[in-house]
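Have a look at this prediction, sequence included:
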Amino acid sequence: MKISYKLILSFLIIVLLSVGSVGFLSFNVAKNNMEKEALNKLEAVGVLKKDVIISYFTLLKEEIESTSVFFNIKLNLPIMNEYLNDQLNPKWIQSRQMLDVQLTVMTEKKKAIDDIMLTNKDGIIVYASSPLHFNIDVGKRLVNEEAYVNGKEKVYLTDIFYNSVTKENSQLIAGPILDEQGNLMGLVVFELNVETINQLFEERAGLGETGETYIVANDLLMRSQSRFIKESTILKQKVDTDSVKFGLEGKSGTHTILDYRRIPVLSYYSQGGLKELFGLNYEWVIISEIDVEEAFSSIYHLRNQILLIGLIIALMSIMFGLYLSRFISKPIQQLTKTIEDISMGKLDTEIKGKERKDEIGDLARAFERTIVSLKLAMKKTGKVTPFEEPKKKPEEKIKSAFKI
């Protein structure tokens, strides 16, 4: 391989190794920092959503606790129960009207509550603030047995369930109504608007174009609506991922997984906190996720920039290497030609490069001194080169040719 090619190749390898090493280390440091920042940001969003859910249900718990001690309810619940089968009785009608004045207004103001029901101590509904539910529910047993069994003892929040009466998804929160002696009179039950939870998660600040927060319960089914599926996903969409598994185990954290759509995402998981708040036998998991492609878009942009800069430096290195190789190899080639001429006896050949101030100039000057010394030596011995042989006269050449 010619020295010019070796110079170009060596220079290119040195530059690429240097730039590659610096670029690789810089990219990894930046990538790790960006990944950490993206995960921290996602965790902050997830924690915020969890706090929103806890605050929402804490307020509802406080609301039902305060409602259960209303004087109006304790006064009229026994009458509603006594005349349940005689709804035309003036006492029953008057009690209903008194309850409507307070509870109907309350449901109108509380968007999270669709209906307020009162049951007797046996779980039979004797009052409903919603006119629609009143006609359907009054006189029937509370549709969710867990709400009745647990609501007699303490404030209890049911999981979201399919209501066979209303043919819709429902959620109830129930609490005991006690008389002055602490005896059970019945239950006050809020039927919650399930859509409120979705509204709490509609704000997607910090989640970009592909992020979402959703809820999964012990049965691995969603309790909120997916932003990526048009049809209802509540109690329908299964989410069997490590995030759900870890969340149900009481853990919280962030990692990268394939989500329920089989798309790589950054995922934050944590228990919803309802089990601790209400003493439930089930738990929700809060999941916040964003697609890896979007979350790491800045990293990919940085990678492309580094590759582009590396390519530009490589091209500049090749061009500089070509210039450098020509600068070094050209005088060497000239000196090589000069040596070839001298080897053929042309001692008067001009030696180029003597004016250079580098090693090549030193070599040219040293070689010139060698030629001078060679000429002096040949002059002393009387020897001449083939190109310096005396010219013969024409007649002498003819005699020599015919040996005359």
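Received it, and whenever you're ready, just let me know what you need. Numbering: from 1, shown residues only.

Show me the strands in the protein, by range?
For the chain, the strands defined by DSSP state E cover 113-120, 125-128, 156-157, 161-163, 168-170, 172-178, 184-192, 212-217, 253-258, 264-271, 284-291.

what would those strands look like in CSV with mean pLDDT?
Shown next, in CSV, are those (pLDDT from 0 to 100):
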stretch, mean pLDDT
strand 113-120, 95
strand 125-128, 96
strand 156-157, 96
strand 161-163, 93
strand 168-170, 92
strand 172-178, 96
strand 184-192, 96
strand 212-217, 94
strand 253-258, 93
strand 264-271, 94
strand 284-291, 94
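
So for residue 231, which of these sits nearest?
Of all these, the one in closest proximity to residue 231, counting by CB to CB, is strand 168-170 (13.1 Å). C-beta coordinates here come from the backbone N, C-alpha and C atoms, glycine included.

Tell me which strands that closest one pairs with, and in which orientation.
Using DSSP bridges, strand 168-170 pairs in its sheet with strand 161-163 (antiparallel).

Give me the distance from the strand it pairs with to the chain's centre.
34 Å (CA atoms, centre = their mean, to the nearest Å).

ok, the residue nearest to residue 235 when sequence neighbours are not counted to residue 238 distance?
Using CB to CB, 6 or more residues apart in numbering and skipping the chain neighbours, the partner closest in space to residue 235 is residue 221 (5.3 Å). From residue 221 across to residue 238, the span is 6 Å (CB to CB, to the nearest Å).

Compare neighbour counts for these two and give me the winner.
residue 221 (17 against 13; other CB atoms under 10 Å).

Is the residue nearest to residue 81 when sequence neighbours are not counted bridged to anything, and to what?
Spatially, and ignoring its direct neighbours in sequence, residue 81 is nearest to residue 120 (4.5 Å; CB to CB, 6+ apart). Note on residue 120: beta-bridge partners by DSSP bridges are residue 186.

List the residues that contact residue 120.
Neighbour list for residue 120: 77, 81, 84, 126, 185-186 [criterion: CB atoms under 8 Å, 6 or more residues apart in numbering].

make it 6 Å
Going by CB atoms under 6 Å, 6 or more residues apart in numbering, residue 120 touches 81, 126, 186.

The residue nearest to residue 235 and residue 244: what is the separation?
10 Å.

what's the answer for residue 140, then?
From residue 140 to residue 244 the distance is 35 Å (CB to CB).

Mind checking which of these two has more residues around it?
residue 244 (21 against 12).

and the more buried one, how far is that from residue 284?
Applying CB to CB to residue 244 and residue 284 gives a distance of 10 Å.

same deal with residue 81?
Taken as CB to CB, the span from residue 81 to residue 284 is 34 Å.

between the two, who's got more neighbours?
Counting neighbours by other CB under 10 Å for residue 81 and for residue 284 shows that residue 284 has the greater number, 26 against 20.

The more buried one and residue 272 touch, don't they?
Yes - using CB atoms under 6 Å, residue 284 makes contact with residue 272 at a distance of 3.4 Å.

Just list whatever residues bridge to residue 128.
Beta bridges link residue 128 to residue 117, judged by DSSP bridges.

okay, now it: neighbour count?
25.

Tell me which residues touch it, please.
For residue 128, the contact set (CB under 6 Å, 6+ apart) comprises 115, 117, 134, 137-138.

Which of these sits closest to residue 42?
Scanning those for proximity to residue 42, where the rule is CB to CB, the winner is residue 115, at 36.8 Å.

quick one on the thing from earlier: could you dump the contacts of residue 128 to JSON lines with distance to residue 160 and neighbour count?
Shown next, in JSON lines, are those (distance: CB to CB, whole Å; neighbours: other CB atoms under 10 Å):
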{"residue": "115", "distance to residue 160": "16", "neighbour count": "23"}
{"residue": "117", "distance to residue 160": "17", "neighbour count": "26"}
{"residue": "134", "distance to residue 160": "23", "neighbour count": "17"}
{"residue": "137", "distance to residue 160": "18", "neighbour count": "24"}
{"residue": "138", "distance to residue 160": "24", "neighbour count": "18"}
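
if we can go back for a sec, looking at the strands of the chain, which is nearest to residue 67?
That would be, of the strands of the chain and by CB to CB, strand 184-192, which comes in at 5.3 Å.

tell me the angle of the closest one relative to strand 172-178?
Calculated by axes from the mean of the first three to the mean of the last three CA atoms, to 10 degrees, strand 184-192 forms an angle of 160 degrees with strand 172-178.

which residues are in contact with strand 184-192?
64, 67-68, 77, 112-121, 151-152, 171-177, 179.

in the stretch 301-404 of the chain, which spans are helices?
For the stretch 301-404 of the chain, the helices defined by DSSP state H, counting those that start in this stretch cover 359-381, 394-402.

how about JSON lines for those helices, with mean pLDDT, mean neighbour count and distance to residue 38 added?
Below are the helices of the stretch 301-404 of the chain laid out as JSON lines (pLDDT from 0 to 100; neighbours: other CB atoms under 10 Å; distance: least, CB to CB, whole Å):
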{"stretch": "helix 359-381", "mean pLDDT": "77", "mean neighbour count": "13", "distance to residue 38": "55"}
{"stretch": "helix 394-402", "mean pLDDT": "51", "mean neighbour count": "9", "distance to residue 38": "96"}
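
how about CSV for those, with distance to residue 294 added?
Output for the helices of the stretch 301-404 of the chain, formatted as CSV (distance: least, CB to CB, whole Å):
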stretch, distance to residue 294
helix 359-381, 58
helix 394-402, 95
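
Can you say which of the ones you listed is nearest to residue 335?
Residue 335 lies closest, by CB to CB, to one member of these: helix 359-381, at 6.1 Å.
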